[in-house]
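>>> predicted model and sequence follow; I will ask about them next.
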Amino acid sequence: MDWSQHSIPAMRLEPRFGDRIIPAFCERPKSIPAMVADAVAINPDGEALVCGATRMTWREVAQQSAQIAAGFGKFGLKRGDRVAVLLGNRIEFVLTMLGAAHAGLVTVLLSTRQQKPEIAYVLTDCGARLLIHEAALADRVPDAGDIPDVVHRIAVDGDPRLSRFSELADNAELAGPVEVGEEDTAMILYTSGTTGKPKGAMLAHCNIIHSAMVFVSCLKLTAADRSIAAVPLGHVTGVVANIMTMVRCAGALIIMAEFKAAEYLKMAARERVTYTVMVPAMYNLCLLQPDFDSYDLSSWRIGGFGGAPMPIATIEKLDAKIPGLKLMNCYGATETTSPSTMMPGELTAGHIDSVGLPCPGAQIIVVDAEGRELPRGEIGEIWIHGGSVIKGYWNNPKATAESFTAGFWHSGDLGSIDEENFVRVFDRQKDMINRGGLKIYSAEVESVLAGHPDVVESAIIAKPCPVLGERVHAVVVTRGTVGAEALRAWCAERLSDYKVPETMDVRTDPLPRNANGKVMKRQLREALPAA
C-alpha cells in the first residue's frame with residue numbers, strides 16, 4: 001500500500017549531495033525564498049501569520065522578510081554566515097528565519113529551555129556571527145569571551161521600545177533574495193545529546209521544500225487551511241510541519257506562545273483551525289477540559305501526531321466528539337526533516353500500532369546488526385532514505401560517517417515493516433530491555449498503561465539486576481486515583497508475565513522532557529536507587 005491514491009505531484013530520480021540518487025518532485029521551488037514568493041502569488045492578501053493582536057498577510061510577510069534580509073546586510077553578514085535564534089513562539093521567529101533564508105544565511109535554532117553552557121557549545125560549534133534572543137533570556141546568553149565568533153546580539157521584546165529588533169527590520173530598501181543552491185544548508189538544528197555532545201543536523205533548502213511538499217500533498221492542504229503552532233517552533237516539527245508547510249500551501253499559521261489546553265481550545269474555535277500537529281499528551285489534555293463540548297471545532301479536519309503512540313481511548317473519544325477530524329500518525333526525526341512516514345487518516349483506526357506508510361519519495365528498510373535488509377515482519381533497525389534526509393552533521397564528519405550509509409540514515413529505532421508496507425516502531429535500540437535474554441520493547445508496555453483510564457503518561461525503563469541483567473521498571477503519571485498494584489494487575493491481564501513491570505514509581509508530576517518534547521529516560525534511569 002502507498003500514497004498513489006492521493007494527488008501526489010510527479011517525481012523523478014535525481015542526484016543529490018554528490019553520491020545519492022533520490023526521488024524528487026519534478027516541479028518544485030528551488031529555495032525557501034522562492035517558496036515564499038509562490039505563497040504571495042497564490043494568496044497575497046490572505047492571512048499568513050496570526051499572533052496575539054498581530055495579523056500579517058503573505059504580501060506583508062514577504063516584504064518584512066526582505067527588509068530583515070537587508071538588515072542582515074547592514075550588520076555585515078554574508079551568504080553562508082550563521083544566525084542563531086533563541087526565541088519562543090512569536091512572529092519574530094518566523095520572520096527572522098525567512099529573512100535569513102532570503103539573505104542566503106543559515107539559521108541555527110536554539111531552544112528556550114537550553115541553559116548557558118549548552119547555548120555556548122552550539123554557538124561555538126556552528127560559528128554563529130549573530131545571536132537574536134528574547135530580552136527575557138539575556139541571563140542565558142554566554143559571556144562574550146566564551147562565544148568569540150558572535151559579533152552582534154539583538155534582543156527581542158514585546159515592547160518595541162525595549163527591542164533592538166527594529167534595527168534589523170526597519171529598512172526602507174528591500175533586499176532581493178541572495179541566490180542559493182538547492183543543496184545549500186538553510187538551517188542547523190542540534191539533535192538531543194543523549195550520548196555526548198549534540199550534533200548539528202544540516203537541513204538544506206531542498207530537504208525542507210521536499211518535506212513541506214509531502215505534507216501539503218498527502219494532507220491535501222490549500223490556502224484555505226489554518227494551522228495552530230502549539231509545539232515549539234524551534235523544533236523540526238514546528239519548522240517543517242507548521243511554518244514551512246503553511247508557506248507551501250499559502251495558508252495561515254496561528255502562533256501559540258505556549259501550549260495550554262484551555263487556551264488552545266478557545267483559539268482553535270475562534271480561528272476556525274483546520275490542521276495541527278501535536279504530541280498525543282496535548283490531545284489528552286484538551287479532552288480533559290470540562291468545557292470541551294462547548295467549543296465549535298467542526299472546522300478541524302486533520303490532527304497530526306507523533307513522538308508517542310496515541311492511546312486507542314483518545315482516538316475513540318476524539319472520533320465521538322469531532323467526527324470530521326482525521327488523526328494521522330507522523331514519524332520522522334530532525335535528520336529526516338520531519339516526516340518519513342504518515343498514516344492516512346482513514347486508516348488510523350485499523351492500524352493503531354503503526355506509524356503509517358512511507359511518505360512519497362521515502363525508502364524505508366529494516367536491517368540487522370550488519371546492515372543487511374531483513375524480511376518483512378522481522379524486527380531490526382530502521383534505515384531511511386529519500387529527499388528529506390539531510391546530508392550530514394555540521395563540522396562532524398565522524399558522526400556523519402557513523403550515521404549514514406549510501407544516503408540511508410540509521411535511525412537507531414527498532415521496528416518492522418509488514419507485507420502491506422505499514423511501518424511499526426517498537427523502541428530505541430538503547431531503550432530495549434533485556435530481561436534474562438527476553439527482549440521487552442518499552443513502547444508496548446507504555447501503550448498498555450496508556451489504555452488505563454487513570455493514567456496520564458508513563459515511561460518504561462530497565463532496572464539493573466545482578467541475576468537477570470535487567471528488570472522492567474515503570475514510571476507512571478496518574479490522576480492520583482490508582483495505585484501500583486492495580487496498574488500491575490492491569491498489565492498482567494494484557495501482557496506476557498515477563499513484560500509486566502516488577503517495580504513502579506506512581507506519581508502525579510509530569511515526566512521530564514527535553515527541549516524537543518521527548519521523555520528523558522536517561523534522567524529517569526539515573527534517578528533509580530542503586531540495586
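The structure has been received and is ready for your questions.
>>> next, count neighbours for the spatially closest residue to Gly71 that is not a sequence neighbour.
Spatial nearest neighbour of Gly71, excluding adjacent residues (CB to CB, 6 or more residues apart in numbering): Leu168 at 3.8 Å. (C-beta placed from N, C-alpha, C; glycine too.) By other CB atoms under 10 Å, 25 other residues sit near Leu168.
>>> may I have the strand or helix carrying Leu168 as PDB, with CA atoms only?
Assessed by DSSP states H and E, Leu168 sits inside helix 165-169. Below are the C-alpha coordinates for helix 165-169, written out as PDB (Å, rounded to 0.1, in the frame of the first residue of the first chain):
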ATOM      1  CA  PHE A 165      14.900  44.000  16.600                       C
ATOM      2  CA  SER A 166      13.600  47.200  14.900                       C
ATOM      3  CA  GLU A 167      17.200  48.000  13.900                       C
ATOM      4  CA  LEU A 168      17.100  44.800  11.800                       C
ATOM      5  CA  ALA A 169      13.600  45.000  10.500                       C
END
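>>> who touches it?
64, 67-68, 71-72, 75, 92, 95, 99, 132, 154-157, 160 (CB atoms under 8 Å, 6 or more residues apart in numbering).
>>> okay, now Ala320: neighbour count?
Neighbours of Ala320 using other CB under 10 Å come to 8.
>>> for Glu381, same thing?
The burial count for Glu381: 18, using other CB under 10 Å.
>>> is it true that it touches Gln429?
Yes - between Glu381 and Gln429 there is a contact under CB atoms under 8 Å: 6.5 Å.
>>> and for the two, which residues touch both?
Counting by CB under 8 Å, 6+ apart, the residues touching both Glu381 and Gln429 are Gly412, Asp413, Leu414.
>>> and the residue nearest to Gly71, how far is that from Glu182?
27 Å (CB to CB, to the nearest Å).
>>> my guess is Lys314 is in a strand, correct?
Careful, residue 314 is Thr and not Lys. No - using DSSP: H, G, I helix; E, B strand; the rest coil, the assignment for Thr314 is helix, not a strand.
>>> wait, what's in contact with it?
By CB under 8 Å, 6+ apart, Thr314 lies in contact with Pro280, Tyr283, Asn284, Leu287.
>>> just the pLDDT for it.
With respect to pLDDT, Thr314 has a value of 86.
>>> show me the domain layout of this structure.
For the chain, automatic domain parsing gives the domain ranges 29-423, 432-526.
>>> single out the most deeply packed of those.
domain 29-423 (a mean of 20; mean count of other CB atoms under 10 Å).
>>> from Gly436, how far off is the residue at the greatest distance from the centre of the chain?
Centroid-distance maximum for the chain: Val467 at 39.4 Å, with CA atoms, centre = their mean. In this view, Val467 and Gly436 are 8 Å apart by CB to CB.
>>> ok, so of the shared contacts of Glu381 and Gln429, who is nearest Cys359?
Closest approach between these and Cys359, by CB to CB: Asp413, at 15.8 Å.
>>> any stretches of this protein with poor pLDDT?
Across the chain, residues meeting the criterion (pLDDT under 70) sit at 158-163, 172, 192-196, 308-309, 515-517, 530-531.
>>> so what's Ala37 closest to, chain neighbours aside?
Ala62 (6.9 Å).
>>> returning to what we had before: in a markdown table: the domains of the chain, plus distance to Ala10.
Shown next, in a markdown table, are these (distance: least, CB to CB, whole Å):
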| stretch | distance to Ala10 |
| --- | --- |
| domain 29-423 | 10 |
| domain 432-526 | 34 |
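>>> so how far is stretch 455-462 off the chain centroid?
21 Å (CA atoms, centre = their mean, to the nearest Å).
>>> what's the host helix or strand of Ser447 packed up against?
Using DSSP H and E, Ser447 falls within helix 442-450. In terms of contacts (3 or more CB pairs under 8 Å, 6 or more residues apart in numbering; DSSP states H and E), helix 442-450 is packed against strand 423-428, strand 455-465, strand 469-478, helix 484-492.
>>> can I get the helix ranked longest in the chain in PDB, CA atoms only?
In the chain, taking DSSP state H as the definition, the longest helix is helix 58-74. This file holds the C-alpha atoms of helix 58-74, laid out as PDB (Å, rounded to 0.1, in the frame of the first residue of the first chain):
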ATOM      1  CA  TRP A  58       1.600  36.900   2.800                       C
ATOM      2  CA  ARG A  59       2.500  40.100   0.900                       C
ATOM      3  CA  GLU A  60       3.400  41.700   4.300                       C
ATOM      4  CA  VAL A  61       5.400  38.600   5.400                       C
ATOM      5  CA  ALA A  62       7.400  38.700   2.100                       C
ATOM      6  CA  GLN A  63       8.100  42.400   2.400                       C
ATOM      7  CA  GLN A  64       9.100  42.200   6.100                       C
ATOM      8  CA  SER A  65      11.400  39.200   5.300                       C
ATOM      9  CA  ALA A  66      13.100  41.200   2.500                       C
ATOM     10  CA  GLN A  67      13.600  44.100   4.900                       C
ATOM     11  CA  ILE A  68      15.100  41.900   7.500                       C
ATOM     12  CA  ALA A  69      17.400  40.400   4.900                       C
ATOM     13  CA  ALA A  70      18.600  44.000   4.100                       C
ATOM     14  CA  GLY A  71      19.100  44.500   7.800                       C
ATOM     15  CA  PHE A  72      21.400  41.400   7.900                       C
ATOM     16  CA  GLY A  73      23.400  43.000   5.200                       C
ATOM     17  CA  LYS A  74      23.800  46.200   7.300                       C
END
